[in-house]
Structure formats: C-alpha cells, structure tokens
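Q: Using only what follows, build the 3D model:
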Amino acid sequence: MDSRLSLNWSALAIRGVIAIVFGVLAFLMPGLTLGVLILLFAAYAIVDGVSHVVTGIRQRSGDRPDGLMILGGVVGIVVGVIAAILPGITALFLLSLIGAWAIVTGAAEIFAAYRLRKAISGEWLLALDGIISIAFGLYVWIFPGAGALAIVWLIAAFAIASGVILLMLAFRMRSLARGAAGMSDRSTSAV
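A: Purely as a prediction, here's the structure:
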C-alpha cells in the first residue's frame, strides 16, 4: 500500500507549485480585476479538482476508489467551471463558492490524512493543509464584507501556505517511493 500511495507524490508537487505560483501572482498584482481573479481561481480550482479525482481513483481503499477524495475533486471542478463560465457573478457569491470549496477540500484532506496515518509519516502535513483550508473557507463565509484587496491577499496567503505544505508532503512521499523502490531492488538482487 505504501508504494501505491507514494506514486502520487508528483501530483501533490504539481498542486503545490501551482498554488504557490497563483499566490505569488495574487500578491504581486493585487490590482487585478475581479474578472481576472475569478478566471485565475477557476483554473486553479479545476486543476486542483482534477488532481483530487485522479488521486482518488488511483488511491484505492480495498477494492474501491477513495470516494471522499473524488467528491472533493468534483466539487473543485464544478466550482472552477462555474467561476469560468459566469465571471460576472457577484463577489459575495464567488466568495461563498470559494468558501464551500475550501471547506469540502479541507475535510477531504483531513479524512485522507487520518486514513494515511499508518501508511506514511508526515500525514499531519495533509491534515494541516485541510485545517488551513477549512479555516480559510469559514473566514470567507463569516467576513464576506472584507475589502477586495484583503480578499486577494487572503487568497494569496492561503494558496502559498497550501502550496508549501503540499510540496513538503510530496517530497516525503517521494522519499517513501524511493525507499520502496530500493527495498524491491534489494529483495530482487538477493534472490
């Protein structure tokens, strides 16, 4: 099971890099129009959602795909598509969508971390990313009247923090994959 889980390290790394790039761009260009921000968010949510779906399908629990991970991915894809198709929606509605997406994604990551606790070390990083996602989603829901600049910076900070955590987890999983490959090479040569 460990080797199967560690095969997805590159998907986590890609998600992390995309999140960091998105966050840095949002910090450097806070004057972006809401329409451009919506399209950037839409692209990020779709890529993140596809990554969750692929991971959920690959990461089987027994004979079944990981339904919660797939659900989180589908929600991300739907939110991203809605944001891309309807960029003129109000900021409040967009914030509600972003908040819902962050909460569902965070819950899926916390659940996945709990399930992975015996399979990998460092699963707390995935749980931490889930907690940050949920906190971000709740903040957006509780304080929707915050200024547009503050929201852009909040989204940027969330994306960078999430990206760094995902990269840390990806490198731990890559180490696990290399360790598993080394173990299989040694067992093959011993025979």
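Q: This protein: helices as residue ranges?
A: 2-6, 9-28, 34-58, 67-85, 91-116, 123-142, 148-190 (DSSP state H).
Q: Please name the nearest non-neighbouring residue to the most centrally placed residue in the chain.
A: The centroid of the chain falls nearest to residue 48 when counting by Cα atoms, centre = their mean (5.6 Å). Excluding the flanking residues, the one nearest residue 48 by Cβ to Cβ, 6 or more residues apart in numbering is residue 76, at 5.1 Å. Placement of C-beta: from N, CA and C, glycine included.
Q: Contacts only, for the residue nearest to the centre of the chain.
A: If you count contacts by Cβ atoms under 8 Å, 6 or more residues apart in numbering, residue 48 has them with 15, 18-19, 73, 76, 80, 105.
Q: Could you pick out the buried ones from those?
A: Buried subset of the contacts of residue 48 (neighbour count, 16 or more other Cβ atoms under 10 Å): 15, 18-19, 73, 76, 80, 105.
Q: where in this structure is pLDDT low?
A: 1-7, 31-35, 60-63, 88-91, 145-150, 180-191 (pLDDT under 70).
Q: make it 80
A: Counting by pLDDT under 80, the low-confidence segments of the chain come to 1-9, 29-38, 59-65, 86-95, 116-123, 143-152, 154, 176-191.
Q: In stretch 72-85, which residues are buried?
A: 72-77, 79-80, 82-83.
Q: Would you mind pulling the contact partners of that stretch?
A: Looking at what lies outside stretch 72-85 - Cβ under 8 Å, 6+ apart - the contacts are 38-39, 41-56, 89, 94, 97-98, 100-101, 104-105, 107-109.
Q: I'd like to know which of those are buried.
A: For the contacts of stretch 72-85, buried by 16+ other Cβ under 10 Å: 38-39, 41-42, 44-53, 55-56, 94, 97-98, 101, 104-105, 107-109.
Q: For residue 47, list the residues it contacts.
A: Taking Cβ under 8 Å, 6+ apart as the test, what residue 47 contacts is 14-15, 18, 80.
Q: so how far is residue 22 from it?
A: 10 Å (Cβ to Cβ, to the nearest Å).
Q: and what of residue 157?
A: For residue 157, the distance to residue 22 - Cβ to Cβ - is 11 Å.
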